[in-house]
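Engineer: This is the structure alone, sequence omitted:
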């Protein structure tokens with residue numbers, strides 16, 4: 001029984017370590033790095049992209065389905081076009 005509990009604890013700790021570090025980082029209320037601010041600005045006007053972002057970081061869809069070069073390029077291009085049209 002003790003071995004099974006130790007195995008479970010090890011598995012649980014490994015499976016949740018990334019979430020733990022992300023929560024710890026968010027709890028510090030540190031300023032966002034410029035890359036993260038740019039990403040948030042890029043998907044903010046696009047509700048579908050916003051939904052996909054949160055689904056990706058919460059594990060509801062594979063992260064690579066959002067965080068892939070093609071999607072990042074599309075989001076940043078769309079954001080740049082929106083910013084240019086606003087001025």
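Structural biologist: Structure received. Every value quoted in this text rests on a predicted model; they were computed, and no experiment measured them.
Engineer: for the chain, which spans come out with low pLDDT?
Structural biologist: For the chain, the stretches with pLDDT under 70 are 80-87.
Engineer: Repeat the analysis, applying 80 as the threshold.
Structural biologist: 79-87 (pLDDT under 80).
Engineer: ok, the residue nearest the centre of it to residue 42 distance?
Structural biologist: The centroid of the chain falls nearest to residue 57 when counting by Cα atoms, centre = their mean (4.0 Å). Using Cβ to Cβ, to the nearest Å, we find residue 57 at a distance of 15 Å from residue 42. In this view, the C-beta of every residue, glycine as well, is placed from N, C-alpha and C.
Engineer: go on, residue 7?
Structural biologist: Counting by Cβ to Cβ, the gap from residue 7 to residue 42 is 42 Å.
Engineer: again, but for residue 14
Structural biologist: Distance of residue 14 to residue 42, computed by Cβ to Cβ: 32 Å.
Engineer: The two: who's more crowded?
Structural biologist: residue 42 (21 against 9; other Cβ atoms under 10 Å).
Engineer: And the protein, what are its domain boundaries?
Structural biologist: 1-30, 32-87 (automatic domain parsing).
Engineer: Tell me which of those domains is the most buried.
Structural biologist: Mean neighbours per residue, mean count of other Cβ atoms under 10 Å, is largest over the domains of the chain for domain 32-87, with a mean of 13.
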